[in-house]
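Student: please find the sequence and the predicted model below.
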Amino acid sequence: MLKNWIKILYLTLLGLTLVACGQSSSQEDTSLRDVTEDGKLVVATETGFAPFVFKTLVDSKDTVVGSDVEMVKKIAEDLGVELDISEMSFDNVLSTVQSGKADIGISGISVTEERKKVFDFSIPYYTATNKLIIKKTDSQKLIVLDAFSGLSVAAQKGSIQESVVKEQLAEAHLISLTHTGEMINQLKNGQVAAVVLEEPIAKGYVEKNPDLMIADIELDSSASDAYAIALPKGSTALKAEIDKVLQKLIDSGQIEQMIQEAYDLSIKD
Ligand code: ARG
């Protein structure tokens, strides 16, 4: 009798061990191997975010450029694979990476506690602060956060700037729009009173639109860490490779330089 019990216990334990092994092998990290075996790095991005990602004519061809693009070029080079850039709206960049349909997402993506639950992130490569863009004609009126009470303020759909409006401009109406260009147009024609964007993007738009300015109002940017590359959860091996390349670009000051060059290019035309 006792022997039988021991046998059953033994078989049960054996079974459990086999199940556990089976699970761990199905969750094996193939992130790096997938990229090298396919010979390409599939990158999800949104291209309305100069100087990080934008489009410009290169040899009379519409081309995706920007410092984020330069960075992923270096990563693909390091891995010895082709770069496959897949353009989509910003909210789709996040969902595409989350579902693993792209190997990585790069698009000035900010690391937040919430996003850390569903993505792996590379080391950060840029720290951004939030700014409000307003019309110059409102410069006397919109000087404190309270002045936005009852007004419409635009932020990009899926971006952390939506929470900035909801939390820091709680009395304003949030207008979520897919494209930053659309946000700027709505500001210029008076449909919204302000637009929330991070500083380098805001500066680029203000530079190109003399009727706009950055409001002299502080916004809190502490809810997000910094920009990083997003990867599907569990992409440990690919992340390690990416971090190595990023660390080199950071240490050598190349990232700063890439951002400056991309900014200059973005305000040229
Ligand atoms: N940094 C912000 C975020 O992660 C905005 C990023 C928007 N990027 C873009 N390519 N439109 O939510």
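Tutor: Received, thanks. Residues are numbered from 1 along each chain as shown.
Student: so for stretch 216-230, what gets flagged as buried?
Tutor: Buried residues in stretch 216-230, counted by 16 or more other Cβ atoms under 10 Å: 217, 219, 221, 224-225, 227-230. To be clear about C-beta, it is placed using only N, CA and C from the backbone, and glycine gets the same treatment.
Student: in CSV: these, plus secondary structure and distance to residue 108.
Tutor: Below are the buried residues of stretch 216-230 laid out as CSV (DSSP: H, G, I helix; E, B strand; the rest coil; distance: Cβ to Cβ, whole Å):
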residue, secondary structure, distance to residue 108
217, coil, 22
219, coil, 17
221, coil, 13
224, coil, 11
225, coil, 13
227, strand, 5
228, coil, 10
229, coil, 11
230, strand, 11
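Student: now for those residues, which pair is the farthest apart?
Tutor: 217 and 229 (30.8 Å; Cβ to Cβ).
Student: not counting its neighbours along the chain, what's nearest the most centrally placed residue in the chain?
Tutor: Closest residue to the average C-alpha location of the chain: residue 109 at 1.6 Å, with Cα atoms, centre = their mean. Leaving aside its chain neighbours, residue 109 sits nearest to residue 230 (5.1 Å; criterion: Cβ to Cβ, 6 or more residues apart in numbering).
Student: which pLDDT value goes with that neighbour?
Tutor: Reading off the confidence values, residue 230 has pLDDT 98.
Student: from residue 188, how far out is the residue nearest to residue 119 when sequence neighbours are not counted?
Tutor: Nearest in space to residue 119, with sequence neighbours left out and distances taken as Cβ to Cβ, 6+ apart, is residue 230 at 4.5 Å. Distance from residue 230 to residue 188, counting by Cβ to Cβ, to the nearest Å: 32 Å.
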